[in-house]
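Trainee: Sequence and predicted structure are below.
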Amino acid sequence: MQIHLSPRHLTLTASIHAYVAEKISHLENMTNGILGAHVVLLHDESKKKPYTVKVHLGLPGPDIHAEDSESDLYAAIDRVVDKLARQLRKRKTRLQSTAKHHNRRATEARKRGVG
């Protein structure tokens, strides 16, 4: 998976880059279908919560987006990764439920055809 970082109004240090890469790689362990991630790190001193993190995950099918603002950059990264993990779990459950439903209908159709 390719991770693209875009810092806006802040300096991208090696520690920030490593932290984001580690957190996004944990999401990849949840599902192997992530094609890429685009992470935007924003800093705006005029706001009450100056650090904003926006993430776009490219997946087969609909993409997933999440955004969060905090007073600490690392806290904002943690919160947005939690939101993405929640969305990925929901997506996985929905896909499994749909597959189970289709399998059940196919089995019932075969039984009706035989009987």
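Mentor: Everything's here; your move. Worth saying up front: this structure is predicted, and the values here are computed from it rather than measured.

Trainee: if I look at the nearest residue to residue 75 once chain neighbours are set aside, how far off is residue 8?
Mentor: Distances taken as C-beta to C-beta, 6 or more residues apart in numbering put residue 51 closest to residue 75, at 7.9 Å, once the chain neighbours are dropped. (Glycine included, C-beta is placed from N, CA and C.) Using C-beta to C-beta, to the nearest Å, residue 51 is found at 11 Å from residue 8.

Trainee: more neighbours, those two?
Mentor: More crowded of residue 51 and residue 8, by other C-beta atoms under 10 Å: residue 51, with 20 against 11.

Trainee: Roughly how far does that one sit from residue 63?
Mentor: Residue 51 is 23 Å from residue 63, where distance means C-beta to C-beta.

Trainee: Likewise for residue 73?
Mentor: Taking C-beta to C-beta, one finds residue 73 at 24 Å from residue 63.

Trainee: what's the answer for residue 81, then?
Mentor: Distance from residue 81 to residue 63, by C-beta to C-beta: 16 Å.

Trainee: got a list of what residue 60 touches?
Mentor: 33, 35 (C-beta atoms under 8 Å, 6 or more residues apart in numbering).

Trainee: Go ahead and measure how far the longest helix anywhere in the chain is from the middle of the chain.
Mentor: Criterion DSSP state H: the longest helix present in the chain is helix 73-114. Put simply, helix 73-114 sits 14 Å off its chain's centre (C-alpha atoms, centre = their mean, to the nearest Å).
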